[in-house]
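J.: Would you be able to build a 3D model of this:
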Amino acid sequence: MLAECAFTTPPWRRRADRYRATSTAARLGRICAFLLMGLGLLDVVAQGGISGFWLVFLGWFLFTAARAEEQQVMMRGALAGLRVRDAMTPDATLAPGWITVDEFMSSYVPLQRATAFPLKTFDGALDGLVTLAQLSRVAPEERQSRRVRDVGVGLDAVAMASPGESVTSVLDRFSSAAEDQMLVIDGGQLVGTLSTADITRALGGRKARASS
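T.: As a prediction, this is how the structure comes out:
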């Protein structure tokens with residue numbers, strides 16, 4: 001048992017090694033990209049051949065892919081250990097989806113001070129989500145006739161997560177239809193919302209605590 005423990009790499013060490021290896025590979029990819037672009041430019045200047053332009057194009061493609069990969073790895077590394085509960089906006093209140101946009105914006109939005117509003121049916125069941133951006137896009141002359149639910153999106157277009165999940169595991173669930181918002185469900189009950197802005201804010205708080 002002692003020998004097994006002595007040669008077992010801790011999970012945090014494996015994650016660090018994986019991020020470091022991927023970051024190194026991305027840097028090597030950028031170096032190769034610069035070499036290809038350099039060779040291509042030399043070929044164009046020296047021989048005026050069209051093959052040089054292809055080398056430049058391939059080098060630029062490789063550079064773009066390597067940079068995107070490195071940014072992705074750095075982001076996921078920064079998010080390591082961060083749980084949904086650490087980043088979410090808690091205590092989300094279900095908003096009435098059956099009232100008009102005009103009534104919602106005049107009597108409900110100012111009190112909530114939120115950018116996303118989970119919606120409920122008249123019976124109190126979770127029914128979808130609407131964002132402040134979606135509401136603001138409704139023309140003023142239509143706000144007295146359009147219902148909030150018709151402006152927002154249904155549950156089938158809203159991603160869901162649980163508080164204990166890692167933030168990195170839910171990143172791919174965000175949908176543009178729901179304006180990059182996610183509902184956080186615990187035991188069948190709505191406990192909060194999660195947005196890309198929430199994640200950015202949580203990262204900022206983590207960096208501030210680390211530097212203090």
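
J.: Let me see the domain layout of the protein.
T.: Residue ranges for the domains of the chain, per automatic domain parsing: 2-79, 84-206.

J.: tell me the mean pLDDT over the longest one?
T.: Averaging the model's pLDDT scores along domain 84-206 yields 89.

J.: First-to-last residue distance for that domain?
T.: 14 Å (C-alpha to C-alpha, to the nearest Å).

J.: Quick one: residues in contact with stretch 182-197.
T.: Under the criterion C-beta atoms under 8 Å, 6 or more residues apart in numbering, residues 84-85, 87-92, 94, 114-116, 118, 126, 129, 158-163, 170, 173-174, 179-181 lie in contact with stretch 182-197. Backbone N, C-alpha and C define where each C-beta goes, glycine included.

J.: mind listing which of those residues are in strands?
T.: Here DSSP state E is the test, and those give 89, 90, 116, 118, 126, 129, 159, 160, 161, 181 as lying in strands.

J.: Which residue comes closest to the last one once chain neighbours are left out?
T.: In space, not counting the residues next to it along the chain, residue 181 is nearest to residue 116; the distance is 4.5 Å by C-beta to C-beta, 6 or more residues apart in numbering.

J.: same question, the second one
T.: Counting by C-beta to C-beta, 6+ apart, residue 192 is the residue found nearest to residue 90 once chain neighbours are left out, at 4.3 Å.
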